[in-house]
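K.L.:
I'd like to go over a predicted model; first the sequence, then the structure.
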Amino acid sequence: MGWSPRDAVGFMVGAFAVIAILINVLFMQSGSHPAPMFKTASTAAKPAVTNGIPAAGSRPGSAPRPAEGVPAKIAAPSPPRMPGEIINDIQRELARRGYYDGAVDGLYGPRTDAAIRDFEQAAGFKPSTEPNEALLQAIAHAPAKMAKVTPAATPAARPGPVRNDVAAEKPAASKRVIALQRALADYGYGQIKPTGIVDAETQAAIEKFERERKLPVTGQASDRVMHELSSMTGRVLD
């Protein structure tokens with residue numbers, strides 16, 4: 001080949017170095033090269049992820065973000081309940097504790113008012129102006145010792161005949177409610193019969209009056225409603 005002795009020696013040294021490098025790379029290494037020239041299927045695999053956190057050395061974006069980075073959904077506040085629904089629940093809770101023995105109809109009558117006053121007196125609460133959620137929660141969380149005890153009937157006692165007038169007993173009429181109903185009917189808040197009982201028609205008329213006067217909508221014959229109606233009509237409502 002026309003090589004000089006120096007060229008021959010240089011070729012042999014270079015060939016020996018190349019062979020030594022190949023042997024070291026192919027047979028002498030215990031693990032894979034961190035940056036191989038030719039990527040195989042094993043080296044091209046996705047980086048391992050432990051508990052949602054990418055392993056050290058992986059590129060950003062190669063693993064999913066931690067779950068704690070996702071903001072939680074905030075529940076929308078529930079709308080306020082109607083007064084009739086609150087009164088219905090109050091009547092039910094009072095009946096369970098022995099304070100109320102009338103119909104659970106959501107209407108605020110004399111029986112409901114008397115049952116609330118009895119409970120407040122037994123619990124040591126101040127008299128409330130109108131039934132609300134706070135009163136309902138107080139009744140629902142009342143301890144068992146506050147419940148009235150109904151005496152059990154003796155085994156020898158026999159139930160007597162039920163009188164029709166007792167079974168069909170209705171709340172007593174109130175002169176104050178009658179005056180309220182007449183004033184509401186005269187000023188166009190509905191065709192209300194002056195029965196003296198806060199029925200569904202009277203409750204709807206009171207709610208309409210409260211909305212027009214920008215008062216808290218309760219649907220009950222409260223002192224504030226009586227005062228506002230008396231001021232508007234010029235009547236003295238007892």
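P.N.:
Alright, I've got the coordinates. Because the structure is predicted, anything quoted here is derived from the model rather than measured.
K.L.:
for the rest of this, base every contact and every neighbour count on C-alpha atoms.
P.N.:
OK.
K.L.:
pLDDT on the lengthiest helix in the chain, on average?
P.N.:
Of all segments of type helix in the chain, defined using DSSP state H, the longest is helix 5-27. Taken as a whole, helix 5-27 has a mean pLDDT of 82.
K.L.:
swap in stretch 187-199?
P.N.:
pLDDT averaged over stretch 187-199 gives 83.
K.L.:
what sits up against it?
P.N.:
The list of residues contacting stretch 187-199 from outside it, by CA atoms under 8 Å, 6 or more residues apart in numbering, reads 107-109, 171-179, 181-182, 184-185, 201-202, 205-206, 208-209, 220-221.
K.L.:
quick one, which of those are buried?
P.N.:
107-109, 174, 177-179, 181-182, 184-185, 201-202, 205-206, 208-209, 220-221 (16 or more other CA atoms under 10 Å).
K.L.:
quick check, pLDDT for His33.
P.N.:
58.
K.L.:
what is the least confident helix or strand in this structure?
P.N.:
Ranked by mean pLDDT, DSSP states H and E, the weakest helix or strand in the chain is helix 164-167, scoring a mean of 44.
K.L.:
check which element follows it along the chain.
P.N.:
The helix or strand immediately downstream of helix 164-167 is helix 175-186, counting by DSSP states H and E.
K.L.:
CA atoms only for that following helix, dumped as PDB, please.
P.N.:
Extracted C-alpha coordinates of helix 175-186, given in PDB (Å, rounded to 0.1, in the frame of the first residue of the first chain):
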ATOM      1  CA  LYS A 175    -110.200  38.900  66.100                       C
ATOM      2  CA  ARG A 176    -106.800  40.200  65.100                       C
ATOM      3  CA  VAL A 177    -106.600  38.000  62.100                       C
ATOM      4  CA  ILE A 178    -110.200  38.900  61.100                       C
ATOM      5  CA  ALA A 179    -109.300  42.600  61.100                       C
ATOM      6  CA  LEU A 180    -106.200  41.800  59.100                       C
ATOM      7  CA  GLN A 181    -108.100  39.800  56.500                       C
ATOM      8  CA  ARG A 182    -110.800  42.500  56.100                       C
ATOM      9  CA  ALA A 183    -108.100  45.200  55.600                       C
ATOM     10  CA  LEU A 184    -106.200  43.100  53.000                       C
ATOM     11  CA  ALA A 185    -109.500  42.300  51.100                       C
ATOM     12  CA  ASP A 186    -110.600  46.000  51.100                       C
END
